[in-house]
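Trainee: heads up, no residue letters with this:
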């Protein structure tokens, strides 16, 4: 089974759920789209105590962008980013994703 990835109609919010593998933003967005897109925030919505999320920049060896170890299912975490280009890589092997947890990546609108 693969991650469930849903993008809203305006292509500014990506929701990853049923997390069971790594995810890189370029899996969802084309490189052309990424040229003018910047990440606004990364949010982790845990489903159980001790759910953990780790997001790196670009790959499993990239610098850490986001980390959350949640106390319970209501311990939602969010991190905001300046308008710098980053390539979120959701590292499945470094996290604990209980059924019902999700990661939401919000993008700044594209500038034309």
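Mentor: On my side now, so go ahead. Note that the structure is predicted; figures quoted are calculated from it, not measured.
Trainee: for the closest residue to residue 101 other than its chain neighbours, helix, strand, or coil?
Mentor: Nearest non-adjacent residue to residue 101, counting by Cβ to Cβ, 6 or more residues apart in numbering: residue 47, 4.1 Å away. For glycine as for every other residue, the C-beta is placed from the backbone atoms N, C-alpha and C. Following DSSP: H, G, I helix; E, B strand; the rest coil, we place residue 47 in the coil state.
Trainee: per-residue confidence at residue 47?
Mentor: With respect to pLDDT, residue 47 scores 97.
Trainee: same deal with the one 5 residues further on?
Mentor: We note a pLDDT of 98 for residue 52 in this prediction.
Trainee: How many neighbouring residues does residue 63 have?
Mentor: Other residues near residue 63 come to 8 when the count uses other Cβ atoms under 10 Å.
Trainee: need the contact list for it.
Mentor: 56-57 (Cβ atoms under 8 Å, 6 or more residues apart in numbering).
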